[in-house]
Each structure stands twice: as C-alpha cells, then as structure tokens.
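[1] sequence first, then the predicted structure, then my questions.
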Amino acid sequence: MVPAHVVAVALQAAAAVKTSKYLNHKTSIKSDEPSSDFVLLVAPNGSYRISPYVQAASNLQLKILIISDSEHSLVSEVAQGIHVDFNKIQAALDTIFSAIAEKNILAVIPTDDKCVNIASQIAAKLKLPHNSPESAKLTYRKDLARQALQAQQCNTPEFKVINFKDIDDIAAALNYPVVLKPLMLSGSKGVIRADNADECRTAAKRIKAILLLQKKSAYEYQHILIESYLDGQEVAIEGFMINGEFQLLTLFDKPEALTGPYFEESYYLTPSKLGKAIQHDILFEINRCCLAYGLSHGPIHAEARLTKEGVFLLEIASRTIGGQCAQLIEFSLGVKLEELVISYMCSRTTAFQKQQKYAGVLMIPITKQGMLKRVEGLTQALQVKNIIDIEIHIQPGYELIPLPEGSSYLGFIFAQSDQFESTLNALRQAYEKLKFITQPVWKIG
C-alpha cells in the first residue's frame, strides 16, 4: 500500500503540472513613470548576471538595489549598493535591514547558488514570497537533497555519503559504475564517473584536492556523495514555482550523450523533440521533487535523466539557468528571462508567446589546459548558416582549466532555425571552424 503522504505529494504534482498560466497573458508591468519601489538583487561581486538584471529592471521601470560581497567594482550599481560578507550571515542581515529600512522592497532575487540562503532569509523577514531557508539549502547541498527526495519516495539513484578517510574500504564494496560528487560545488565541477574501485579511489583523491581550494565547512570538506550512474538522455528544465505550483517556461533537449567520466554541458536546444507523454512525465517528476524540497516560490532550473525506470532528477537550483544560456529563453519566448523573473517575483505578469523557431546554444568546452593565446576561425564560424551570435568569454592571457577541476566555458555559440537538426548542425559546424591556440602555463613553486 502506498503511504498517504506519497499519495498527497503525487496528487499535488499532478494538479500542478502545466505550462505557464501566464502564457499569452497581455498584462504588462511597464508604465510611463519610474516606480519608487525597489527590487533587491543578491549577487556575488563578479556575477555575470548582474548586468542583465540591471537592464531588465530598467526596462520594467523598477529600481534595483544590489547586495554584493565587495564594494570594489567597476559596475556602478554594485559599487553604490549594499556590501556585506555572505559568510557572516547575521552581520550581513543587520547591515542589509538597516540600509533598506526606509525603502519599499517588492522582491528579493538571488543570482547564484551562494546567495540563495541569505536571499531567502531577507525575503522571510520582509514577508515577501520566497523559498524557506531550509528548502533553499537543499538546492545547493546534494546530500541533503538526495535524502529529502528519498524520504518522499521520489525517483533517486542509490547513494551514499562517504567520509574521505573511508573511501579505500568503501570502494571495494560498491556496485559500479558510480558517480562521485562534492556536496556543494556546481557546474559539474568535481563530478567524476568511476567504473571500478581503482577509478573510484583516484576520483576521490582528485575531488579532495579540489575541495582544498574551496572555503567550505569541515563536513563538506570531509565527505563526498557517491551515487549509481544513471544511463539515459539528459534534459534541462526552466520554470517557476508560484505558490507551490510549478510553471514551465521551456524544456531543453541535450542531444549529446553525457556518459562521463566528466559531465561537461555542451548543447541545449529548445523546444524539445520529446513526445507529449514523456514531457508530461518530466514535468510531473520535477514538480514532485520541488514539493519534496519544500520549494514554493521562485525560479527553478532543473536537470533530469530519462531512464528505463523513469525520470530521475539530477539537480534542482532555486535560480535561473546559468551561463549565457538565458538568451535561449528570449529566443524561444520573445522576452528576456530576467524580465520574467522580476515580473514573477513582484507578483506581476508580462506578455510572452512561444516562438515557432528552434533555438540552440553550444557551451564551448575547455578541452585542453594552458594559457589562451588567441582564437582563430571566429569570422568563418559566424558565417555558418543559422548562427546568430558567438561570444568568447575567456580573453587571451587567461588560463584554461578543463573539468573536473575547472568550472568555466570558453564561450557560447547561438543558432536559430526552423528545424531542430539544422539548428544543431549549425552549432556543430561553427564549433569545428574555431581553433583555440594555447601555450603551457609555467608555475613557480
């Protein structure tokens, strides 16, 4: 017999699975006069998301106030904002509430994983729609997330939380293949597949070396998540939780198999080619997992695997999609993602309608370590049919670090056409024309 709490979660999920109720809604939040209301944007000083959010707030005639971890910034909105230490939560909250005491705050929006906890606490204090600090924590603690999903009988791989000192003994008893993951890092950093005990021990040593460079708690430094490898196609989901209901913005196909040993993202294409039945299963499971986390309000970016046993959640982040991939939302919906987020978080609506064309992005992988000297073939790549833009984000003179130690991309290639395959082929052809010239990095000591 199925437990009552599982039935309740499933019924809630079934009721909530739908595309956005705001689709084709024609109410706009724009007005002729700038608002005296503020949106709080909580962001690390170096976040690439700051500029798009600043522009989005301006487009929506809203003021934005940035809370960051550094006052030394070339971005005027950051320099003029509120500066706190994200690692000293109570002191940061005291500073923030003192600074906003006379301001009318409409919403609190975190840009990155490291900000979701403090953003949640700010919003709770201001009695604004938010995810609880407890649920937000699950979105960046992989071990706690797996435990929460297991407790609600969501689809989860077999997993263990292992102390590094026990890895030699544990490795011999695992059922392979497995995937080893740090408890908190994002962007596939430190995520490694192992097919046998020797590979498992080697992977654990590499991850421990990566963690030595991170400012993490003792527990997160000492432990690692090991879970069964899931075979199957991977998809990404972008949406929004509104009062406990998941609203889909778009579903991304990942046309290249991600089998390891590292799991670097590459191609995203939308709309999905998957059939309606499997798309429904994906949304059902994502909503069920959001409820298991306790998420209730805010942007959602999720990754899932489609296996023979069903849809398995890999990750949920209580923020928008990373990288410049947010531009795919604009290509597919005709409105910037940041404008949608601000609108939703302010309990307002904005008009958008799904476009007819396919849109895709290639996150240009870093395949070789070294110092970038130059990029060749950019002009030829831009001339490939259906390519609409190429952005190179790492400049000459900077070191390239591949996964699993690295976490960045060289840049992004964007394409759009009337067909899925022609969009994908354009991305592949453009990438083939690019050549990244590097030289060894000589380090002293």
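    Received, thanks. Residues are numbered from 1 along each chain as shown.
[2] let me know the secondary structure of the nearest residue to Gly322 once chain neighbours are set aside.
    Nearest residue to Gly322, sequence neighbours excluded (Cβ to Cβ, 6 or more residues apart in numbering): Gly187, at 6.8 Å. (C-beta placed from N, C-alpha, C; glycine too.) Classification of Gly187 using DSSP: H, G, I helix; E, B strand; the rest coil returns coil.
[3] give me the number of residues near Gly187?
    Other residues near Gly187 come to 17 when the count uses other Cβ atoms under 10 Å.
[4] what do you get for Leu378?
    Residues near Leu378, counting by other Cβ under 10 Å, number 16.
[5] how about Ile170?
    Ile170 has 17 nearby residues by other Cβ under 10 Å.
[6] what helix or strand does the closest residue to it other than its chain neighbours sit in?
    Nearest residue to Ile170 in three dimensions, chain neighbours excluded: Ile162, at 5.3 Å (Cβ to Cβ, 6+ apart). Assessed by DSSP states H and E, Ile162 sits inside strand 159-163.
[7] that strand pairs with which strands?
    Strand 159-163 sits in its sheet next to strand 223-228 (antiparallel), going by DSSP bridges.
[8] please save the CA atoms from the strand holding Ile162 in CSV.
    Taking only C-alpha atoms (Å, rounded to 0.1, in the frame of the first residue of the first chain), the coordinates of strand 159-163 have been written out as CSV:
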residue,chain,number,x,y,z
PHE,A,159,23.5,6.9,-3.0
LYS,A,160,25.9,7.0,0.0
VAL,A,161,27.5,9.9,1.8
ILE,A,162,31.1,8.8,2.5
ASN,A,163,33.9,10.2,4.6
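[9] buried residues in it?
    Buried residues in strand 159-163, defined by neighbour count with 16 or more other Cβ atoms under 10 Å: Phe159, Lys160, Val161, Ile162.
[10] now whichever helix or strand comes after it: buried residues?
    Per DSSP H and E, the first helix or strand lying C-terminal to strand 159-163 is helix 167-171. The neighbour-count check on helix 167-171 (16+ other Cβ under 10 Å) flags Ile167, Ile170, Ala171 as buried.
[11] how much space separates the second one from Asn243?
    In this structure, Ile170 lies at 43 Å from Asn243, with Cβ to Cβ, to the nearest Å as the measure.
[12] what does the first one give?
    Relative to Asn243, Ile167 is positioned 43 Å away (criterion: Cβ to Cβ).
[13] ok, now which ones touch the nearest residue to Ala236 once chain neighbours are set aside?
    Excluding its sequence neighbours, the residue lying closest to Ala236 (Cβ to Cβ, 6+ apart) is Phe252, at 4.1 Å. Residues near Phe252 by Cβ atoms under 8 Å, 6 or more residues apart in numbering: Val235, Ala236, Ile237, Glu238, Tyr268, Leu269, Thr270, Ser272, Leu328.
[14] which neighbouring elements make contact with the helix or strand encompassing the fifth one?
    Using DSSP H and E, the secondary-structure element containing Tyr268 is strand 267-270. Where contact means 3 or more Cβ pairs under 8 Å, 6 or more residues apart in numbering; DSSP states H and E, strand 267-270 is packed against strand 245-253, helix 327-333, strand 358-364, helix 420-433.
[15] count the residues that sit near Phe164.
    The number of residues near Phe164, taken as other Cβ under 10 Å, comes to 15.
[16] kindly apply the preceding question to Ser228 instead.
    Count around Ser228 with other Cβ under 10 Å applied: 17.
[17] from what I see, Glu285 and Ala304 are in contact.
    Yes - Glu285 is in contact with Ala304 according to Cβ atoms under 8 Å; the separation is 6.8 Å.
[18] between these two, who's got more neighbours?
    Set Glu285 next to Ala304 and count neighbours by other Cβ under 10 Å: Ala304 wins out with 26 against 22.
[19] now that one: how far from Asp231?
    Using Cβ to Cβ, we find Ala304 at a distance of 13 Å from Asp231.
[20] just Pro133 next, same as before
    Counting by Cβ to Cβ, the separation of Pro133 from Asp231 is 35 Å.
[21] tell me how the protein divides into domains.
    1-16+231-352, 34-128, 158-228, 356-445 (automatic domain parsing).
[22] ok now the longest one, how far from the chain's centre?
    Which is domain 1-16+231-352. Remark: domain 1-16+231-352 is offset 11 Å from the chain centroid, using Cα atoms, centre = their mean, to the nearest Å.
[23] what's the first helix or strand after the top helix by length along the chain?
    When the chain is scanned for its longest helix (criterion: DSSP state H), the result is helix 276-293. Using DSSP H and E, the helix or strand that follows helix 276-293 in sequence is strand 298-307.
[24] buried stuff in that following strand?
    In strand 298-307, counting by 16+ other Cβ under 10 Å, buried: Gly298, Pro299, Ile300, His301, Ala302, Glu303, Ala304, Arg305, Leu306.
[25] again with stretch 393-408
    Result for stretch 393-408 [16+ other Cβ under 10 Å]: buried residues Ile394, Leu400, Leu403, Pro404, Gly406, Ser407, Ser408.
[26] need the contact partners of it.
    Contacts of stretch 393-408 with the rest of the structure, by Cβ under 8 Å, 6+ apart, involve 185-192, 206-207, 210, 262-264, 324, 365-375, 409-412, 436, 438, 441.
[27] next step: those restricted to strands.
    Ile192, Gly370, Met371, Leu372, Lys373, Arg374, Val375, Gly411, Phe412, Phe436, Thr438 (DSSP state E).
[28] for the protein, give me the ranges with low pLDDT.
    Across the chain, the ranges flagged by pLDDT under 70 are 1-36, 71-75, 215-216, 323, 349-353, 443-445.
[29] what angle separates the longest helix of the chain from strand 298-307?
    When axes from the mean of the first three to the mean of the last three Cα atoms, to 10 degrees is applied, the directions of helix 276-293 and strand 298-307 differ by 120 degrees.
[30] helix 276-293 packs against which elements?
    Checking 3+ Cβ pairs under 8 Å, 6+ apart, helix 276-293 ends up next to helix 4-16, helix 142-151, strand 233-242, strand 245-253, strand 298-307, strand 310-317.
[31] that's a strand at Thr379, yeah?
    No - Thr379: not assigned to a strand; according to three-state DSSP it is helix.
[32] count residues in the vicinity of it, would you?
    Quick note: Thr379 (other Cβ under 10 Å) scores 9 neighbours.
[33] contact partners for it?
    By Cβ under 8 Å, 6+ apart, the contact set of Thr379 is empty.
[34] and it, how far from Leu212?
    For Thr379, the distance to Leu212 (Cβ to Cβ) stands at 42 Å.
[35] swap in Asn45?
    Plainly put, Asn45 is 23 Å away from Leu212 if you go by Cβ to Cβ.
[36] if anything else comes up later, I'll come back, but that's it for now.
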